[in-house]
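Colleague: Pasting the sequence and the predicted model now:
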Amino acid sequence: MFEIGFAVAAVGLSLCLASIVGLILSRSEARFPVARLALVLLTFAIFLIHLLWLQPRMDRALEEFRAAALAGSNTAATAAQERFDGLHPTASRLLSATTLSALVLFGVAAWTASGMPRRSES
């Protein structure tokens, strides 16, 4: 289930990044979408930290747990489970940070698309 979620998130974030690049290249205005670009890059960075750094460690601990449990080695299974459990709070924080950053990105994009005047235009 997590692999499917990671794939969907990667596609979605890649599309966001591509749309920001397209916006930058096609824009006739002098304004640069700094906030949206920064939020996309921040969201992507948090996501990649989880995907490339943390998730492989969690996967290894889970595989070791399963192998030890199947072999009947309670000591090794317990150690692997403790490693996995120790990584879980970090995973939860990274997932929460990715979600929050994506939500803020959505809000900024919706506000910009609404055409509401900015403070400097008022």
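Modeller: Perfect, I can see it now. Since the structure is predicted, the reported quantities are computational estimates derived from the model, not experimental observations. Numbering: from 1, shown residues only.

Colleague: For the protein, just list every one of the helices.
Modeller: With DSSP state H as the criterion, the chain has helices at 2-26, 34-48, 55-71, 74-113.

Colleague: Could you list the buried residues of the first one?
Modeller: If I follow you right, that is helix 2-26. Residues of helix 2-26 classed as buried: Ala9, Leu13, Cys16, Ile20 (neighbour count, 16 or more other C-beta atoms under 10 Å). To be clear about C-beta, it is placed using only N, CA and C from the backbone, and glycine gets the same treatment.

Colleague: Could you identify which of the helices of the chain is most buried?
Modeller: Here the criterion is mean neighbour count by mean count of other C-beta atoms under 10 Å, and of the helices of the chain the winner is helix 34-48, at a mean of 17.

Colleague: Which other helices and strands does that one contact?
Modeller: helix 2-26, helix 74-113 (3 or more C-beta pairs under 8 Å, 6 or more residues apart in numbering; DSSP states H and E).

Colleague: which stretch in these has the least confidence?
Modeller: Mean pLDDT is lowest for helix 2-26 among the helices and strands packed on helix 34-48, at a mean of 86.

Colleague: now the most centrally placed residue in the chain: how far from Leu62?
Modeller: By C-alpha atoms, centre = their mean, the mean C-alpha position of the chain lies nearest to Phe47, the distance being 2.5 Å. Between Phe47 and Leu62 the computed distance is 20 Å (C-beta to C-beta, to the nearest Å).
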